[in-house]
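**Q** Okay, here's the prediction I keep looking at, along with the sequence it came from:
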Amino acid sequence: AVQKGGYAHFMLKEIHEQAQVAREVLNMLNGSPDVAAVIEKMKNARNLYFIGCGTSYHACLAGAVYFAQLAGRAVIPVLAPQFAPQYAPTVGAQDVGLFVSQSGETKDVLNALQVAEEKGMTCYGLANVIGSTLTKATVCALPLCCGYEISVPATKTFTNQVVTFLYLAYRLAGRDTAELETIPALMTQTLETVAAPVEALAQKINAWSDLYSLGYGATYAIALEGALKLKEITYAHCEGMLSTEFKHGPLSAVTKGLPIIFSVAPGDVPLIVSGLNEVTCRGAYAVAIGQDDPRLRANASDVIILPDSTPQIAALLAVLPLQLLSYHMSLLRGFDPDFPRNLSKTLTVD
């Protein structure tokens, strides 16, 4: 039986396993004979689609930004149920799709896969469960190498999906993937340094039932994932948004003390500072998650400091404090973060 290993909950254990499983998936990718074939197909594709649901879709969004930033390759990230009505009429044998599912059994993803295969698209999979329907139905499937993930809210499977996309973007760009070997140590460092300030932040904002999680560029996907974690296990309404969209309507919701969390990549600080000022001057409690920067300290109500890294790795690291924040707020509200109400680990229905 899978044990909690001294942790109070599986979720906390799985958060702390992320460095190790990231190391394992990087080792797997370095030795996989399938990666070169996937990259070659992607290079020659007319259009490239990343397809998933929920957390897996957020990884697809991050992957699309990585592919553009690092390899100059446009990718269309798609919520799986929207693939059939919006994209299926346009796809064919010249296109490539990467279908992403933790379980490999997500019905919405399998439905999109069936439509894509009927149209002649080359279809690859990314899943944690080897032998699942997705891994059997695709040309080849890359494993996430996470082991068992018991807690319903995904943590280590999300970060390994993002690490895989980052690795593939490096390969497509012809960059040295050895640069990614710093990720596990940076994850460990992040979890150690943010633990106390995140727990304190949870105490400060836990009384609120509405909050916002904002990001930009690669951190947009991270903001969405953080918002989903908070919704899943605290039952608060947390809306994830592109930070620059906040002024187009939602700004009217700001009241004194409203928590607004900004996930910040190092190159985006000036733009995020503008967003911080827009909300703090109206009374919001603005939290910046990013590398240490005097501009963030001067303009945010609170700053959660991440270790220095590349812009792409910085985005990945930003999800760790959001995972911990949702965990601690769930406990403060008396909920079980491993098994939130109304949810199951694998969705096998339409």
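**A** That came through fine.

**Q** can you give me the strands for the stretch 51-200 of the chain?
**A** 76-79, 96-101, 122-127, 141-143 (DSSP state E, counting those that start in this stretch).

**Q** Please convert these to a markdown table, extending it with mean pLDDT, mean neighbour count and distance to residue 188.
**A** For every residue, glycine as well, the C-beta is placed using N, CA and C. Shown next, in a markdown table, are the strands of the stretch 51-200 of the chain (pLDDT from 0 to 100; neighbours: other C-beta atoms under 10 Å; distance: least, C-beta to C-beta, whole Å):
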| stretch | mean pLDDT | mean neighbour count | distance to residue 188 |
| --- | --- | --- | --- |
| strand 76-79 | 98 | 20 | 29 |
| strand 96-101 | 98 | 29 | 25 |
| strand 122-127 | 98 | 24 | 24 |
| strand 141-143 | 97 | 23 | 23 |
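
**Q** would CSV of those with distance to residue 15 be doable?
**A** Listed next are the strands of the stretch 51-200 of the chain as CSV, based on distance: least, C-beta to C-beta, whole Å:
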stretch, distance to residue 15
strand 76-79, 25
strand 96-101, 20
strand 122-127, 21
strand 141-143, 21
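
**Q** Which one of those lies nearest to residue 298?
**A** strand 76-79 (34.3 Å; C-beta to C-beta).

**Q** The closest one pairs with which strands, parallel or anti?
**A** Paired strands of strand 76-79, with direction, are strand 48-52 (parallel) (DSSP bridges).

**Q** Quick check: mean pLDDT of the strand it pairs with?
**A** For strand 48-52, mean pLDDT is 98.

**Q** Other residues contacting it?
**A** Residues outside strand 48-52 that contact it (C-beta atoms under 8 Å, 6 or more residues apart in numbering): 42, 58-61, 63-64, 67, 73-80, 83, 87, 91, 95-101, 106, 109, 112-113, 116, 121, 165.

**Q** Export only the CA atoms of it, formatted as PDB.
**A** What follows is strand 48-52, C-alpha atoms only, in PDB (Å, rounded to 0.1, in the frame of the first residue of the first chain):
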ATOM      1  CA  LEU A  48       0.900  21.500 -33.700                       C
ATOM      2  CA  TYR A  49      -1.700  21.000 -31.000                       C
ATOM      3  CA  PHE A  50      -1.400  20.300 -27.300                       C
ATOM      4  CA  ILE A  51      -4.700  18.900 -25.900                       C
ATOM      5  CA  GLY A  52      -5.800  18.400 -22.300                       C
END
